[in-house]
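**Student:** Sequence first, then the predicted structure:
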Amino acid sequence: MARYTGPKTRIARKFKEAIFGPDKWMERKPHSPGQHGPTKRRKKESEYATQLQEKQKAKYTYGILERQFEKMYHTASSKKGITGEVLLQLCEARLDNTVYRLGISPTRRGARQLVAHGHITVDGGVVTIPSYTLRPGQSIAVREKSRSLETISNSVGVNSKRFDWLDWNGTNLTGKFIAMPERAQIPENIREQLIVELYSK
């Protein structure tokens, strides 16, 4: 399956949540997409459907394909700790997600592109794999040749969000992955336990 590149608002409306960030169209049409949208009566979802929808929401939020996501789940289940929490930690530790969290790009899709095009370094070396998993203590930076890119300077200039597990120096455009985030620190509205229940069947 190829990565989804269609309308983001349509997917956000499907989950009735702005999973890709602020969306003016979501404010106008917060209901599900389709001809009958807000008036269509929907039958109660089964337990399986609810679990599947939560998994799909997590995949779309982080921009991860099915095979990658399932592999991450098995990795999480083999580690110590609560499987659902470890799964989200692995999602947050991805290089493209970290570039997005640091404010180098306004979207995860844009962050993935910056990484793939060689604009980001890890511990001084260029890494072009968006799914690269960072370890606590590793440094992330914008490549020196890429610091004048308009898309990066614009994003850094307006983004003021900071996260406890990341350190950021806006002057040098460098950051550090301090530690794996705790569940309470991760802002995404994902019920990870439902995902664990789905894969456990």
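**Tutor:** Thanks, I have the structure now.

**Student:** Name the next helix or strand downstream of the helix or strand bottoming out on mean pLDDT in the chain, please.
**Tutor:** Between all helices and strands in the chain, the lowest mean by mean pLDDT, DSSP states H and E belongs to helix 24-28, at a mean of 54. Downstream of helix 24-28, the first helix or strand assigned by DSSP states H and E is helix 47-62.

**Student:** so how far is that following helix from its chain's centroid?
**Tutor:** For helix 47-62, the separation from the chain centroid amounts to 14 Å (computed by Cα atoms, centre = their mean, to the nearest Å).

**Student:** for this protein, what spans make up the helices?
**Tutor:** 8-15, 24-28, 47-62, 66-77, 83-92, 95-101, 108-116, 150-158, 192-200 (DSSP state H).

**Student:** The longest one versus helix 108-116: what angle between them?
**Tutor:** Right, the one you point to is helix 47-62. Between helix 47-62 and helix 108-116, the angle comes out at 50 degrees (axes from the mean of the first three to the mean of the last three Cα atoms, to 10 degrees).

**Student:** now the angle from helix 47-62 to helix 66-77?
**Tutor:** Angle, helix 47-62 to helix 66-77, by the same axes, to 10 degrees: 100 degrees.

**Student:** which outside residues touch helix 47-62?
**Tutor:** Applying Cβ atoms under 8 Å, 6 or more residues apart in numbering, the contact partners of helix 47-62 are 4, 11, 15, 17, 19-20, 45, 64-66, 69, 88, 91, 94, 97, 108, 188, 190-192, 194-195, 197-199. Where C-beta positions appear, they are placed from N, C-alpha and C, glycine not excepted.

**Student:** Pull the contacting residues for residue 190.
**Tutor:** Counting by Cβ under 8 Å, 6+ apart, residue 190 touches 54, 57-58, 61, 88.

**Student:** Just the pLDDT at the residue sitting nearest the centre point of the chain, thanks.
**Tutor:** Nearest to the mean C-alpha position of the chain, counting by Cα atoms, centre = their mean, stands residue 62 at 2.9 Å. Looking at residue 62, its pLDDT stands at 94.

**Student:** Check residue 44 too.
**Tutor:** Reported pLDDT for residue 44: 75.

**Student:** how about low-confidence regions in the protein?
**Tutor:** 1-10, 12, 14-43 (pLDDT under 70).

**Student:** So what are the structural domains in it, by residue number?
**Tutor:** Domain assignment for the chain by automatic domain parsing gives 8-90+188-200, 95-179.

**Student:** Might one say that residue 97 is in contact with residue 108?
**Tutor:** Yes. Residue 97 is in contact with residue 108 according to Cβ atoms under 8 Å; the separation is 6.2 Å.

**Student:** picking that back up, what's the most buried one of the domains of the chain?
**Tutor:** Of all these, domain 95-179 has the most neighbours on average by mean count of other Cβ atoms under 10 Å, namely a mean of 17.
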